[in-house]
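**Student:** Pasting a predicted model and its sequence here:
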Amino acid sequence: MDNNNNNSNSNIRGMFEIGDALVSLDLAERFFCCDIDACLGACCIEGDAGAPITKEEFEKLKEILPVVWDDLLPRAQEQIKEHGVGYLDPDGEIVTQIVDGKNCVFSTYLPGGVCICAIDKAYREGRLDWRKPISCYLYPVRVKKHASFTAVNYHRWKICKSAEVIGRKNKVRLYQFLKEPLIEKFGQDWYDELAANCDLYVKTYLED
């Protein structure tokens, strides 16, 4: 694909077209770098539903449950025993169970009150070879599959304001911060094309 032509179309339509995906310009325009000391892992707590998961991830969560079980909150363990690891939300999508209308059942707490993913914790400790569901890995980007295209958008939320501040300070843009999960989701070639378009867009429209 010709990057110059793609960038011109992106500017008109407010998005990048990468394969069958329509990607928000926010990935190039927004700075982002997680600041968990400020937000305390609020993305694992706040919200009215669990994290979106695929059918394959639903089965994977059941498979890895014994590995993370001891890290889960007692109420989360009860919820899983009674209702399983996930459920269908009002839109018919599979999501992880939540506790008390907020915490994902796979959340755990560190000293000081920081909430983290128990699955990611086990991965970092070498107890699992799977990091977490892709929707969690990609956050704050959300991916929605439609009939003829895939929408890739930045979920703007007040809890991530500090991440935007740190990202700007460190000059890390959203597409750069999410390089690894974007590659896991879409592949290296797809990401390379996105990065080329973002770089050109930044140099053309955002830099003095």
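**Tutor:** Nice, thanks for sending it over. Numbers count the residues shown, from 1 in each chain.
**Student:** Could you use CA atoms for every contact and neighbour count after this?
**Tutor:** Noted.
**Student:** Show the subsequent helix or strand relative to the strand or helix carrying P181.
**Tutor:** Secondary structure from DSSP states H and E places P181 in helix 179-186. Toward the C-terminus, helix 179-186 is succeeded by helix 188-201 as the next helix or strand (DSSP H and E).
**Student:** Low-confidence ranges, this structure, go.
**Tutor:** Counting by pLDDT under 70, the ranges of the chain that qualify are 1-13, 208.
**Student:** quick one: the strands in it?
**Tutor:** Listed in chain order, the strands found in the chain under DSSP state E are 15-18, 21-24, 86-88, 94-96, 98-99, 103-104, 107-109, 115-117, 141-145, 150-154.
**Student:** Pull the number of nearby residues for C198.
**Tutor:** For C198, the number of neighbouring residues by other CA atoms under 10 Å comes to 24.
**Student:** first to last residue in stretch 43-55, what's the distance?
**Tutor:** The straight-line separation of the ends of stretch 43-55 (CA to CA, to the nearest Å) is 22 Å.
**Student:** Can you get me a residue count around F31?
**Tutor:** A count of nearby residues for F31, using other CA under 10 Å, gives 22.
**Student:** Next, the contact list for it, please.
**Tutor:** Going by CA atoms under 8 Å, 6 or more residues apart in numbering, F31 touches A163, E164, V165, I166, G167, R168, K171, V172, R173, L174.
**Student:** Please apply the same query to A28.
**Tutor:** A28 makes contacts with R173, L174, Y175, C198, D199, Y201, V202, as judged by CA under 8 Å, 6+ apart.
**Student:** residues making contact with stretch 151-170?
**Tutor:** With CA under 8 Å, 6+ apart, stretch 151-170 has contacts from 21-24, 26-27, 30-35, 38-39, 42-43, 139-145, 173.
**Student:** Which stretch among the strands of the chain is buried most, on average?
**Tutor:** Ranked by mean neighbour count, those are led by strand 103-104 with a mean of 26 (mean count of other CA atoms under 10 Å).
**Student:** chain center to that strand: distance?
**Tutor:** For strand 103-104, the distance between its averaged C-alpha position and the chain's averaged C-alpha position is 15 Å (CA atoms, centre = their mean, to the nearest Å).
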